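Enquirer: the sequence isn't on hand, but the structure is:
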């Protein structure tokens with residue numbers, strides 16, 4: 001089977017099962033650039049602003065993603081701290097930076113080979129960034145702690161959810177086949 005080039009707005013589907021194989025999106029580069037810049041702006045508050053404020057026995061603590069990593073490290077779980085640091089902070093940032101540099105290389109029509117290499121790196125990193133898993137962990141801890149402590153949600157949680165949703169929208173708006181086509185055309 002051969003894939004025919006798509007016109008703007010068209011999509012190709014499998015003739016047997018009807019699965020959507022590819023969609024040619026309008027203005028995907030400018031939309032993706034806006035989304036990646038939004039995600040980068042949300043990255044710092046999502047990781048360093050308080051996710052929750054916990055009051056237990058008169059003591060109040062504010063917890064952030066970064067304080068969670070430091071807490072794991074200081075409690076002797078260095079391996080777990082490194083995995084959490086990589087999967088919830090470092091790899092998502094690297095993915096966003098790769099996407100930004102690929103989009104800038106396409107927008108300004110320079111360093112296409114570097115753009116291809118960065119897009120390959122991005123595809124290898126996709127499986128390792130686990131913001132959604134970390135979010136589920138946060139939600140489970142909120143549910144478990146709500147009965148034993150006074151718990152209030154912080155602005156960091158809203159930024160974290162917004163970052164996750166922005167990254168999902170970015171994944172949906174940056175079609176791989178169009179990125180590869182744009183990078184390979186000189």
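Expert: That came in fine, so what should we check first? What you see is a predicted model, and the numbers here were worked out from it, not measured in a lab.
Enquirer: identify all contacting residues around stretch 44-51.
Expert: With contact meaning CB atoms under 8 Å, 6 or more residues apart in numbering, stretch 44-51 is reached by 62-66, 88-89, 138, 153-157, 159-160, 162-163. To be clear about C-beta, it is placed using only N, CA and C from the backbone, and glycine gets the same treatment.
Enquirer: from those residues, keep the buried residues only.
Expert: By neighbour count, with 16 or more other CB atoms under 10 Å, the contacts of stretch 44-51 hold 63-65, 88-89, 138, 154, 156-157, 159-160, 162-163 as buried.
Enquirer: doesn't residue 123 make contact with residue 102?
Expert: No. Look at residue 102 against residue 123 with CB atoms under 8 Å: they stay out of range, at 10.7 Å.
Enquirer: neighbour count for the two, which is higher?
Expert: Higher neighbour count among residue 102 and residue 123: residue 102, with 27 against 13, using other CB atoms under 10 Å.
Enquirer: contacts only, for that one.
Expert: When contacts are counted by CB under 8 Å, 6+ apart, residue 102 touches 115, 118-119, 122, 179, 183.
Enquirer: quick one: which of the residues you listed is nearest to residue 53?
Expert: Relative to residue 53, the closest of the contacts of residue 102 is residue 122; by CB to CB it sits at 35.3 Å.
Enquirer: and that closest one, how far from residue 102?
Expert: Separation of residue 122 from residue 102 (CB to CB, to the nearest Å) stands at 7 Å.
Enquirer: do the same with residue 79
Expert: Distance from residue 79 to residue 102, by CB to CB: 32 Å.
Enquirer: do residue 159 as well
Expert: 24 Å.
Enquirer: with residue 68 instead?
Expert: Residue 68 is 30 Å from residue 102, by CB to CB.
Enquirer: could you pull up the residues touching the most centrally placed residue in the chain?
Expert: The residue lying closest to the centre of the chain (CA atoms, centre = their mean) is residue 167, at 4.1 Å. Residues in contact with residue 167, defined by CB under 8 Å, 6+ apart, are 39, 92, 95-96, 131.
Enquirer: make TSV out of those and add neighbour count, distance to residue 13 and secondary structure.
Expert: Shown next, in TSV, are these (neighbours: other CB atoms under 10 Å; distance: CB to CB, whole Å; DSSP: H, G, I helix; E, B strand; the rest coil):
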residue	neighbour count	distance to residue 13	secondary structure
39	24	30	helix
92	24	32	helix
95	24	29	helix
96	23	31	helix
131	21	30	helix
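Enquirer: in this structure, which spans are helices?
Expert: 28-48, 65-74, 78-85, 91-107, 112-125, 131-145, 155-173, 176-184 (DSSP state H).
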